[in-house]
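Participant: Sharing a model that was predicted from the sequence below.
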Amino acid sequence: MLFRLLQGFAGGPILPVTQAIMLDAYPKDKAGTALGIWGIGITIGPVLGPILGGYITDEYSWPWVFYFNVPFAAALVAGIILFVPATQKGPPRPFDWFGFAALSIALTAFQVVLARGELHDWFASTEIIVETAVAVLALYILVVHTATARHPFLDPHIFRDRNVVLGLIFIFCWALTVNSPLVLLSLRLQTVDGMPVSLVGLLMSPRGLGGILTMSLIGRVLARVNPKYVIAFGFSMIAVASWIMSLWPPNASTWEVSLAGFILGIGVASAYVSLTVIAFSTIATTLRVEAVSFYSLVLNMGSGVGIAVAIIVVSQGMQANHEILSHNITVFNDLLREHALPRFWNYNLRRGLAAVDREVGLQAATIAFNFAFHIISVMALAIIPFVAFLQRSKAKGK
C-alpha cells in the first residue's frame, strides 16, 4: 500500500502538468493541435499497455509488468532534465494546509466508499455510512474554507469562469461514459467469451488506433469547426459504440469487438480534446495550471464513480437474471423436454444439471453486461443537448 501511495503521489501530477505545458506553449487558436499531439502520446500507452501486459503476464509473471517500467522511467527523467525548459515562477503564495487536508480527507473517504461499498452492501453497512458522512463533511468544510480564506488551496476565481465550471461537469460525465465500458469490456471478454488476457489486450488496441487517428486530425478539424459540434460528435460515437456492445451475443466475434473499440476510440478522442480546448479557452493564463489540475481531479473522480456504478449494475444484474432464468428450468417447461435438450444438458443427472446451470450463468452475465452498455449509450446521448451551454472564445493568440 505504501508503494501504491507513492506511485499515485508521483504519477498524479504528470497528466495535468504536461497538459498545462502544452496549452501554455501554443496560442489559443492552436490549442486543438497542441492537445492532439499531446493526446497521441497518452493514447499510445493504453494501446501498447494491455498488449505488452497480457504477453508479459502470460509468458513470465505479473511482477515483470512493473520491472518493465524502470528503464522507461529513467529515460523519461533524463529527457525532462535535458529538454523541458524552466518556467517563470509566479508570486509566492502560502500553502493552505487546512484546505489541502480537507480535500485529501474528502477524496480518500470517497474512494474508500467506492472501493468497499459493494463488499459491504453499501448503506446497509455502518462503515459505509460513516465514511460517506466523513466525505460530505470534509467537502463542506473545503467549500466554506475556499470561499472565506485569504489564500485557499483552490483559487475560487477558477469557478467564476462559466466554461471551466461546465467543463468540469462535462469531463465528469465524459469519464462516467468512457472508463466504465473499457472496464466492462475487458471483464466481459474474459468471463463471458472466455478469451485469454493476451487476446483481450490485442482486441483493446483498435480503440487506441481510433484515438490516435482522431488525435492526428483534431487540430485541423477544430480550426474549421465549432468545438461544440465536435464534442457532440464525440459523445454520439461513444453512444454508438456502447449500443453495439449492448447487442453482442455470448460469443462476440473479434470483428465486432474491434469495430466497437475503434468507434469508441474516435468518440473518446473527439470529445476529450474538444471539451478541453473550449473549457480553458476563456480562463486567465495565470489560473490555467490550477484549473487543469482540478479538471484532472474531477476526471479521476468521474472514472471512479463510473466504474463502481458499472460493476454494481453488472453484478446485481447477473444475480437477478440468474434467478429469473432459473425459474424456467423445471420439468413443466415443454421447451426443456429431454428430446429438445442436448444430451449433456440432462438435468435429471448431476452433471447435466451443472451444465445447465453454467449456461444459465453465461446467459445471465451476457444480459447484465448488455444492459450496462445500453445504459452507458443512453447516458452519452443525454449529455449532448447540454453542449449548447458552452461558450466559444473569440480571442486569438496567447
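Facilitator: Sure, I can see it.

Participant: wait, what's in contact with the residue nearest in space to the middle of the chain?
Facilitator: The centroid of the chain falls nearest to Asn179 when counting by C-alpha atoms, centre = their mean (2.5 Å). Asn179 is in contact with 302-303, 306-307, counting by C-beta atoms under 8 Å, 6 or more residues apart in numbering. For glycine as for every other residue, the C-beta is placed from the backbone atoms N, C-alpha and C.

Participant: Going along the chain from the helix or strand hosting Phe262, find the next helix or strand for me.
Facilitator: Per DSSP states H and E, Phe262 falls inside helix 254-279. Downstream of helix 254-279, the first helix or strand assigned by DSSP H and E is helix 288-326.

Participant: and the angle for that following helix with helix 254-279?
Facilitator: Per axes from the mean of the first three to the mean of the last three C-alpha atoms, to 10 degrees, the angle that helix 288-326 makes with helix 254-279 is 150 degrees.

Participant: Looking at helix 288-326 now, give me its mean pLDDT.
Facilitator: The average pLDDT within helix 288-326 is 83.

Participant: how far does the helix or strand just after that helix sit from the chain's center?
Facilitator: Where DSSP H and E defines the elements, the next helix or strand beyond helix 288-326 is helix 350-383. With C-alpha atoms, centre = their mean, to the nearest Å as the basis, helix 350-383 stands 21 Å off its chain's centre.

Participant: about what we covered before: now do the buried residues in the helix holding Phe262.
Facilitator: 256-258, 260-279 (16 or more other C-beta atoms under 10 Å).

Participant: how far does it sit from the chain's center?
Facilitator: With C-alpha atoms, centre = their mean, you get 12 Å for helix 254-279.

Participant: now that helix against helix 350-383, angle please.
Facilitator: 30 degrees.

Participant: Which elements pack onto helix 254-279?
Facilitator: Where contact means 3 or more C-beta pairs under 8 Å, 6 or more residues apart in numbering; DSSP states H and E, helix 254-279 is packed against helix 31-59, helix 162-191, helix 197-224, helix 227-245.

Participant: out of these, deepest packed?
Facilitator: helix 227-245 (a mean of 23; mean count of other C-beta atoms under 10 Å).

Participant: Which other helices and strands does that helix contact?
Facilitator: helix 162-191, helix 197-224, helix 254-279, helix 350-383.

Participant: Any idea which of these has the lowest pLDDT on average?
Facilitator: Taking the mean pLDDT of the helices and strands packed on helix 227-245, helix 197-224 comes last: a mean of 80.

Participant: so how far is that helix from its chain's centroid?
Facilitator: The answer for helix 197-224 is 15 Å, by C-alpha atoms, centre = their mean.

Participant: elements contacting that helix?
Facilitator: By 3+ C-beta pairs under 8 Å, 6+ apart, helix 197-224 packs against helix 31-59, helix 162-191, helix 227-245, helix 254-279.

Participant: and of those helices, who's closest to Ile329?
Facilitator: helix 162-191 (21.2 Å; C-beta to C-beta).

Participant: and the angle for the closest one with helix 288-326?
Facilitator: 40 degrees.

Participant: For stretch 56-63, the averaged confidence score.
Facilitator: Stretch 56-63 comes out at a mean pLDDT of 73.

Participant: who touches that stretch?
Facilitator: 64-65, 68, 196-198.

Participant: Farthest pair within those?
Facilitator: The widest separation within the contacts of stretch 56-63 (C-beta to C-beta) is 19.4 Å, between Phe68 and Pro196.

Participant: tell me which residues of the helix or strand Leu82 falls within are tucked away?
Facilitator: Using DSSP H and E, Leu82 sits in helix 69-83. For helix 69-83, a neighbour-count test (16+ other C-beta under 10 Å) marks nothing as buried.

Participant: Thanks a lot, catch you later.
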